[in-house]
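**Q** pasting the sequence and the predicted coordinates here, then a few questions.
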Amino acid sequence: MPDSRFLTLADVAEILNITARHAYTMVRTGELAGIQIGGSGQWRVERTKLEDYITEAYQRTAATIANQPLTLDADALS
């Protein structure tokens, strides 16, 4: 993957280890900031926006963990 300013949804999906469909849903709902480029409306995500999203996800996760009792969740291990 080139070290360019903008990433395709396939790039985002690969980085986050999710499906391209999930990446598409994230930008369509505004969960992840993205822009549409060109006449066909292809989505692009700025690399810095993805890094911001990841940082915020860590913060949300830490806050959630801090407010939950310590239990083993078998689903979380997969």
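**A** Received, thanks.

**Q** mind listing the helices for the chain?
**A** Along the chain, the stretches classed as helices by DSSP state H are 9-16, 20-29, 47-66.

**Q** tell me the most buried of those helices?
**A** Greatest average neighbour count among these goes to helix 9-16 (a mean of 18), per mean count of other Cβ atoms under 10 Å. Just so you know, the C-beta spots here come from the backbone N, C-alpha and C atoms, and that holds for glycine as well.

**Q** need the contact partners of that helix.
**A** Helix 9-16 has contacts (Cβ atoms under 8 Å, 6 or more residues apart in numbering) with 1, 7, 19-20, 22-24, 26-27, 32, 34, 43, 45, 50, 54.

**Q** may I have that helix as PDB, with CA atoms only?
**A** What follows is helix 9-16, C-alpha atoms only, in PDB (Å, rounded to 0.1, in the frame of the first residue of the first chain):
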ATOM      1  CA  LEU A   9     -11.900   1.700   1.400                       C
ATOM      2  CA  ALA A  10     -10.000  -1.500   0.600                       C
ATOM      3  CA  ASP A  11      -6.900   0.000   2.200                       C
ATOM      4  CA  VAL A  12      -8.900   1.000   5.300                       C
ATOM      5  CA  ALA A  13     -10.400  -2.500   5.500                       C
ATOM      6  CA  GLU A  14      -7.000  -4.100   5.300                       C
ATOM      7  CA  ILE A  15      -5.600  -1.800   8.000                       C
ATOM      8  CA  LEU A  16      -8.500  -2.300  10.400                       C
END
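
**Q** quick check: mean pLDDT across it?
**A** Average pLDDT, helix 9-16: 98.

**Q** just to revisit the earlier point, okay if I get the helices of the chain as TSV plus distance to residue 38?
**A** Listed next are the helices of the chain as TSV, based on distance: least, Cβ to Cβ, whole Å:
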stretch	distance to residue 38
helix 9-16	14
helix 20-29	15
helix 47-66	19
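
**Q** give me the below-cutoff pLDDT ranges for the protein.
**A** 1-2, 72-78 (pLDDT under 70).
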